[in-house]
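J.: Model the following, please.
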Amino acid sequence: MSRRAQSGKVTLADVAQRAGVSQATISKVLNGRSDVSAGTRDRVLRVVAEIGYRPTTARHERTRGRTLVTVLDFVASRYAGTVLQGILTAATAASTELLLRLPPDRSIGASGATAHDWIAEQQAAGAVGLIGLAVAVPDPVLDAAKELKLPVVSIDPIDTTDSRVVSIGSTNWAGGRSATEHVIGLGHRRIAWIGGPPSSAPSAERFHGYRTALDAVDLTPDPALVRHDAFAVEAGFRHGHDLLALDAPPTAIVAGNDEIAIGVLAAAKELGVEVPRRLSITGFDDTPQTEWTTPSLTSVRQPLAGMGRMAVETVLGMADGAQPASRHLQLATTLRVRDSTGPVPPA
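T.: You can find the predicted model right below:
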């Protein structure tokens with residue numbers, strides 16, 4: 001008879017048996033050790049969540065009964081859903097409650113007193129840390145969080161480079177460069193950019209990567225080929241339609257995220273522009289929908305769930321008095337080549 005059957009409580013051995021790894025590996029994952037592969041970490045955390053294992057270590061006792069607040073203003077996108085999955089998995093493994101909040105409105109963000117009250121409300125709900133997901137964190141809120149000793153971690157921050165915030169993202173510059181180098185290697189020279197808002201730090205970094213790749217082969221982009229807008233399908237469709245209607249349209253479009261790229265695919269289909277025979281398209285994020293599009297989308301993969309997990313581990317560590325090694329943590333990106341990119345079409 002297993003220890004679980006005898007006591008009615010899920011044990012470390014139960015998790016190890018179901019996940020197919022040793023108990024030592026389970027302990028490494030739950031204690032945030034880095035010497036575990038991403039696949040093993042995901043499998044262990046999934047099993048922990050499925051069977052309801054509750055650690056009894058001293059670290060767990062410190063986090064028992066705690067709450068984290070995640071602030072975001074959209075949940076419908078695959079990007080947000082994937083990051084949230086990582087946040088939820090890590091919070092569950094740490095027996096930490098998770099609250100979702102909309103960003104504080106302008107009246108709160110503009111006043112020190114109201115920002116102080118808003119942070120105090122989160123602490124009254126048990127919050128020991130705040131995670132911002134692709135949102136701007138106003139200065140009064142940062143000041144109040146620092147005063148009340150509530151650590152703040154921001155994932156892909158917007159308009160936030162303040163040292164009071166620990167930011168977590170991916171190697172956006174390298175990703176933007178690798179996507180652009182990929183289409184350059186296929187012979188493309190008239191390469192457009194459709195990115196997110198200029199206030200988005202990740203979008204700006206990806207754009208700089210795009211420019212760096214062009215500069216490396218002495219290409220100067222036509223200003224008419226560079227667009228900045230929302231990270232949305234509608235933006236990709238609108239700008240894609242405009243670009244493809246030019247007298248000299250681009251033969252490749254590098255998009256700032258997958259949703260923009262999917263909008264460009266829709267515009268190309270409406271205009272009868274074959275992808276990739278006449279137009280190559282790359283995205284960024286590598287969300288699950290990249291494999292559902294027709295053709296499947298070449299995209300820069302960033303570890304979205306891993307970013308969510310790191311945010312939880314970092315903010316809980318800060319709540320315990322530990323400081324991260326860097327104020328700006330980045331996870332590596334990789335280019336996933338699929339069917340939406342191909343050689344430059346004949347003149």
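J.: which residues of the stretch 101-250 of the chain score low on pLDDT?
T.: 107-111, 159-164 (pLDDT under 70).
J.: mind running it again at 50?
T.: Nowhere does the stretch 101-250 of the chain drop to pLDDT under 50.
J.: which stretches of it form strands?
T.: 127-133, 152-155, 166-170, 191-195, 226-228 (DSSP state E, counting those that start in this stretch).
J.: what's the closest of those to residue 42?
T.: strand 166-170 (16.9 Å; C-beta to C-beta). Yep, even glycine has a C-beta here, placed from its N, CA and C like the rest.
J.: For the closest one, name the packing helices and strands.
T.: strand 152-155, helix 201-216, helix 304-319, strand 328-331 (3 or more C-beta pairs under 8 Å, 6 or more residues apart in numbering; DSSP states H and E).
J.: Can I get it as PDB, trimmed to CA atoms?
T.: Taking C-alpha atoms only, strand 166-170 is exported to PDB below (Å, rounded to 0.1, in the frame of the first residue of the first chain):
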ATOM      1  CA  VAL A 166      12.500  44.000 -12.100                       C
ATOM      2  CA  SER A 167      11.600  43.200 -15.700                       C
ATOM      3  CA  ILE A 168      11.300  39.800 -17.300                       C
ATOM      4  CA  GLY A 169      11.300  39.200 -21.000                       C
ATOM      5  CA  SER A 170      13.100  37.400 -23.800                       C
END
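J.: And the contacts of that strand?
T.: 151-157, 160-161, 201-202, 302-303, 307, 310-311, 314-315, 318, 324, 327-333 (C-beta atoms under 8 Å, 6 or more residues apart in numbering).
J.: Please convert the buried members of those residues into ChimeraX selection syntax.
T.: The buried residues among the contacts of strand 166-170 can be selected in ChimeraX (16 or more other C-beta atoms under 10 Å) with this line:
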select :151,152,153,154,155,156,157,160,201,202,302,303,307,310,311,314,315,318,324,329,330,333
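J.: Now do stretch 83-97, average pLDDT.
T.: What stretch 83-97 shows for mean pLDDT is 92.
J.: So the protein: which segments form each domain?
T.: 1-56, 172-303 (automatic domain parsing).
J.: For the helices and strands packed on strand 166-170, give me a markdown table that also has distance to residue 255.
T.: Listed next are these as a markdown table, based on distance: least, C-beta to C-beta, whole Å:
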| stretch | distance to residue 255 |
| --- | --- |
| strand 152-155 | 20 |
| helix 201-216 | 9 |
| helix 304-319 | 17 |
| strand 328-331 | 20 |
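J.: out of the ones you listed, nearest to residue 263?
T.: Here helix 201-216 is closest among those (C-beta to C-beta), at 15.1 Å.
J.: which other helices and strands contact the closest one?
T.: strand 166-170, helix 172-185, strand 191-195.
J.: For residue 41, which of the strands of the stretch 101-250 of the chain is the nearest?
T.: It's strand 166-170; of the strands of the stretch 101-250 of the chain, that one is closest to residue 41 (C-beta to C-beta) at 16.1 Å.
J.: So what are the sheet partners of that closest one and their directions?
T.: strand 152-155 (parallel), strand 328-331 (parallel) (DSSP bridges).
J.: orientation of that strand relative to helix 201-216 in degrees?
T.: 50 degrees (axes from the mean of the first three to the mean of the last three C-alpha atoms, to 10 degrees).
J.: Verify the stated contact: residue 289 with residue 77.
T.: No: Residue 289 lies out of contact with residue 77 (C-beta atoms under 8 Å); the separation is 9.8 Å.
J.: which of the residues in stretch 238-258 are buried?
T.: 238-241, 243-244, 249-258.
J.: Need the nearest residue in space to the residue nearest to the spatial centre of the chain, chain neighbours excluded.
T.: Among the residues of the chain, the one closest to the centroid is residue 304, at 4.2 Å (C-alpha atoms, centre = their mean). What sits nearest to residue 304 in space, not counting adjacent residues and going by C-beta to C-beta, 6 or more residues apart in numbering, is residue 82, at 4.0 Å.
J.: can you tell me which residues contact the closest residue to residue 20 other than its chain neighbours?
T.: Take residue 20 and drop its neighbours on the chain: the residue closest to it by C-beta to C-beta, 6+ apart is residue 43, 7.7 Å away. Contact partners of residue 43, counting by C-beta under 8 Å, 6+ apart, are 19-21.
J.: got a winner among those for most neighbours?
T.: residue 19 (20 neighbours; other C-beta atoms under 10 Å).
J.: Tell me which helix or strand the residue nearest to that one when sequence neighbours are not counted sits in.
T.: Of all residues not flanking residue 19 in the chain, residue 47 sits nearest, at 4.5 Å (C-beta to C-beta, 6+ apart). Here residue 47 sits within helix 38-51, counting by DSSP states H and E.
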